[in-house]
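>>> The sequence isn't on hand, but the structure is:
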């Protein structure tokens, strides 16, 4: 179990580094959008959407998922790449379960896909980290509430004694 957990942490760290380095510039996105508008071929659309899937803007990530899903529905020849791009965008949006499901779909048809396997592990680790953070927040909130109730009870008892 410890080795798997370490693999998940390592996969997440490496993937996060790769994604940070591959974030597209505004100029690249604009150039691809113009190319797609001039010639809205499936290949140009894919290139634009795949680039959007690594953006730092939430709206662009959502748009990328929509476009890539549309390409899959239309039967675009590079469906696995579309699914991976959508999985990356969902991961960056913090939708780890949805991203993980896409990775599992890819891995069922292409078990040798290293990139899908890395993203899959990163999704599991990210979800675990998110759940731990939420548990800590809830615990801190619970302690804070208990302290507040205790203080109120102390103040109320002092006021009643007067």
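Yep, it's here. Just so it is clear, the structure is predicted and the values come from calculations on it, not from any experiment.

>>> ok, which stretches of the chain are helices?
Using DSSP state H, the helices of the chain run over 2-21, 26-38, 42-52, 58-73, 79-92, 96-109, 114-161.

>>> tell me the mean pLDDT over the longest one?
Spelled out, that is helix 114-161. Helix 114-161 carries an average pLDDT of 74.

>>> ok, the residue lying closest to residue 74 once chain neighbours are set aside - how many residues close by?
Of all residues beyond its chain neighbours, the one nearest residue 74 is residue 42 (7.2 Å), with distances taken as C-beta to C-beta, 6 or more residues apart in numbering. Any C-beta I mention is one placed from the backbone N, CA and C, and that applies to glycine too. Residues contacting residue 42 under the criterion other C-beta atoms under 10 Å number 15.

>>> Contact partners for residue 42?
71, 74, 76-77 (C-beta atoms under 8 Å, 6 or more residues apart in numbering).

>>> quick one: pLDDT of the closest residue to residue 35 other than its chain neighbours?
Of all residues not flanking residue 35 in the chain, residue 44 sits nearest, at 5.4 Å (C-beta to C-beta, 6+ apart). According to the model's per-residue confidence, residue 44 sits at a pLDDT of 95.

>>> what's the distance between residue 44 and residue 52?
To residue 52, residue 44 is 13 Å away according to C-beta to C-beta, to the nearest Å.

>>> So which of the two has more stuff around it?
For residue 44 and residue 52, the more surrounded residue by other C-beta under 10 Å is residue 52, and the numbers stand at 25 against 17.

>>> Would you quantify the distance from the more buried one to residue 108?
Residue 52 sits at a distance of 26 Å from residue 108 (criterion: C-beta to C-beta).

>>> Great, nothing more from me.
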